[in-house]
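1. coords below, sequence missing:
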């Protein structure tokens, strides 16, 4: 199998720099283009890439993806700022490129991943699967004290997925006899309590607790460093070439069967 | 749907007593027979049961299952002491009862579960799924100090499943530069290091650690009390009636898709 | 050294029953009286006890202690419901019994312990000592879901002690850039964030987190069972006989030098 | 109070570089000299320093300290490789400089710290204090997989201190019924079991577990980054000027009363 040729957009940024290095060090991948601010995205500048990885900024990421698709190149997107509308426009663009019935591995794919951390994605995925089997569930996220929002997007996402799984399994709310002191009981995300800890020395961590009579299950993930996202980026690059259409979330390319 | 009628074998033992109480308290289940030491197992004594739950002793559990099958009753088995040979004999017995082509929900099922703890079974299952995505993996099990064997069967089983998943994913051994002090590095189970802690106050706990550059995933489960096994027993009873043939392991009746 | 003779008040209650059993099983202690509801407290009924242990109810505990002192017996108190006034009356009673200058091991002692759990008392004590050395500090308490108040008294007490230590060391508030989502940031106890988790299967647990740039210290304690209070009760009994006057808090009889 | 003037020896090394930066950024400290390989240590090159901080190499650290003392300067030592003999020679040197009866804050001090991590030092100190109150104690250390020795020096030191405290309190060995599988039970350090985990993504971590019937106390420390040592280095510099004689261990300058 020949190498997958990769272009990195936003190659001079923090994530882009690491992505370039990770692609260069990876078996079976070849870095063929590093674009940044001001560079045009076209067949020429993408230099024969099979996949373009976008680590730019919210203001330009959607336009980049459309340009990448016009150049006949798959896209992996790590930039934030996507919403239902922008995702729908990409899905429509992909549909034009892949007429009904002609799909297959030859068609283009776009993978938008809000989180490339394997431990974070696995923690969320396992939490959603476990949720239906426990009477109680709560989420604690822990971050550095410079974070301005609480709870974290990952924790909200996790709690929402737990809530869906509980509802599907016919579980009511987690038992809670609290009468006084609700301010200590965290935020309510779809009925699941989420606590945010801010501590100097930490980076990004999440702990999901499940309880039944006499037992507890804890799923915890720690992101100590941005380098931890690179295995997920490489996995996304390798997966998108055989995954036509729009995929949102790295969990869909993990083999969890 | 009418209630599932349940017989408990070993009803006077520690697990049997709890199982009787759990069945009586459960929606959709009815306890119709409680047998113990000296009671014959037959259509009469099983009293119309759909499922018989065996919490007896290794010396009699296999004979019990064959007798239960001869009475046309499904079996859930929580007794230890099964090996490949005894499982094969039960599978053969089931095959006689369900001729090729006649299977279906009408056929009898046997579910042998080495562990009914949902948190323990989920921890093992998730660990096996996560294993292929991490460079390093180790297992720590923690138990009360009266336990005579180390590491625990659950920890061995977990480590073995991690080893299989790593091999399938083409991962070599976890990195380890240790030159001196190997006695601190735990037992080697199929290439995965397993550590056993013995501490007064604990019951049965397992922690599985996965690491990549810059990130960590921890799956931990705590069994504080034997009562924690009952949700798994009830799930097994409800599942076995529509699961013909031999099933080994509660994980196969969990919905983890 | 002769045995310490012990009377238990509230001997039929949950804690009293365990205290009686623990005293009977302990080296160097002898159970000489078990009183409960309706029994008079006097030299006769205390039957030569050196120490009376009170596990009754808030409504009678103070009167019990005065009666115990009038009988010339030391007291260990595990009943809740004490406030500054009731403690002051006991201190005054003790002062009458121990005229200035005549103190010593012959004088009577009273030890009121809000918490007999060694792990809980040590966790609080260590947290107070560590607090001055860290930029960030937060407290997470985890309890069974039937608890009606949040955060727990132990967590409040811990946070308050951390706040005092930080103030003494000239530390300002823990860094926190939170702009949105304060409801996830827990209760504010004297400037220290306290989070309360409620989970089926848990009993009473506390985790205190300290952070500096590049490092974290976690002190965690788990109370799985009421039996865990008995080592603290025995320590209190053995200590109070040589500790004249009023002592509030088991930490004062621990040797932490 | 005037600033404390500081010289750093080994200023070009990893720790020395950070120490120079930390001193320059600290209130009340002034960096007056940065010496490295090949620089002579004398009154002239120390340039009026009150304290010299040695982060050199085992081969030269003792000679450096004697030269620093000859120049009339206090010393803080973070270099490894000290043993009883080298420490005794420094103590003797200090004694010559501080004739009996003339001690006081005017005398020179040397502080040798095997570990400047506040969380690590506090964890060890608290563990030693807690040890006498628990029936069971074990140590787990977790490090990056490039570490060649196991268990870590910190874990050995912690276990040894626990063993001393247990012996002083008259405690026998932790209960342990293990009959088979001793290789999973970790290294035996003075009768205390120590487990070493090696995991990609980790740096240096220690967890000390104590158990009694029904309760557990866990003291955990995480060193994520070498930057975590700087608060301890600054504390050592500020303390050594008023601490004549030889001090071994940062714990002696912590205020833990």
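-> Sure, I can see it. These numbers were taken from a predicted model, which means no experiment stands behind them. Numbers count the residues shown, from 1 in each chain, chains lettered A, B, ... in the order given.
2. Going by C-alpha atoms from here, please, whenever you check contacts or count neighbours.
-> Will do.
3. count of residues packed around residue A:169?
-> Using other CA atoms under 10 Å in any protein chain shown, residue A:169 has 12 other residues around it.
4. ok, it - contacts?
-> Going by CA atoms under 8 Å, 6 or more residues apart in numbering or on different chains, residue A:169 touches residue A:132.
5. Now the longest helix belonging to chain A: average pLDDT?
-> Longest helix of chain A, by residue count under DSSP state H: helix A:153-168. Helix A:153-168 carries an average pLDDT of 97.
6. Would you state the predicted confidence (pLDDT) at residue A:70?
-> In this prediction residue A:70 is given a pLDDT of 95.
7. For the nearest residue to it once chain neighbours are set aside, list the residues it contacts.
-> Once flanking residues are discounted, residue A:70 sits nearest to residue A:42: 8.0 Å by CA to CA, 6 or more residues apart in numbering or on different chains. Going by CA under 8 Å, 6+ apart, residue A:42 touches A:67, A:68, A:70, A:71.
8. Ok, residue A:130 next?
-> Contact analysis of residue A:130 by CA under 8 Å, 6+ apart lists B:122, B:256.
9. Between helix A:153-168 and the stretch of helix or strand it belongs to, find me the angle.
-> Using DSSP states H and E, the element containing residue A:130 is helix A:118-130. Between helix A:118-130 and helix A:153-168, the angle comes out at 20 degrees (axes from the mean of the first three to the mean of the last three CA atoms, to 10 degrees).
10. Run the chain-centre distance for helix A:118-130.
-> 12 Å (CA atoms, centre = their mean, to the nearest Å).
11. Okay, now the sheet partners of the next helix or strand along the chain from it, with direction.
-> Where DSSP H and E defines the elements, the next helix or strand beyond helix A:118-130 is strand A:136-143. Sheet pairing of strand A:136-143 (DSSP bridges) gives strand A:192-198 (parallel), strand A:204-212 (antiparallel).
12. neighbouring contacts of strand A:136-143?
-> A:131, A:151-152, A:155, A:158-159, A:162, A:173-175, A:192-199, A:202-212, C:197-200.
13. With stretch A:17-24 instead?
-> A:6, A:8, A:11, A:29, A:30, A:31, A:34, A:227, A:230, A:233, A:234.
14. residues of that stretch that come out buried?
-> A:17, A:18, A:19, A:20, A:22, A:23 (16 or more other CA atoms under 10 Å in any protein chain shown).
15. which among those residues gets closest to chain C?
-> residue A:18 (21.8 Å; CA to the nearest CA).
16. Show the residue spans covered by the strands in the stretch 1-150 of chain A.
-> With DSSP state E, counting those that start in this stretch as the criterion, the stretch 1-150 of chain A has strands at A:4-9, A:29-35, A:51-54, A:74-77, A:109-112, A:136-143.
17. export these to CSV and tack on mean neighbour count?
-> Below are these laid out as CSV (neighbours: other CA atoms under 10 Å in any protein chain shown):
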stretch, mean neighbour count
strand A:4-9, 24
strand A:29-35, 20
strand A:51-54, 29
strand A:74-77, 27
strand A:109-112, 26
strand A:136-143, 26
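18. Could you export those strands as CSV, including mean pLDDT?
-> Shown next, in CSV, are these (pLDDT from 0 to 100):
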stretch, mean pLDDT
strand A:4-9, 98
strand A:29-35, 97
strand A:51-54, 98
strand A:74-77, 98
strand A:109-112, 97
strand A:136-143, 98
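19. give the contact list for the residue nearest to residue A:245 when sequence neighbours are not counted.
-> Leaving aside its chain neighbours, residue A:245 sits nearest to residue A:109 (4.6 Å; criterion: CA to CA, 6+ apart). Each residue near residue A:109 by CA under 8 Å, 6+ apart is listed here: A:74, A:75, A:94, A:240, A:241, A:242, A:243, A:244, A:245, A:246, A:247.
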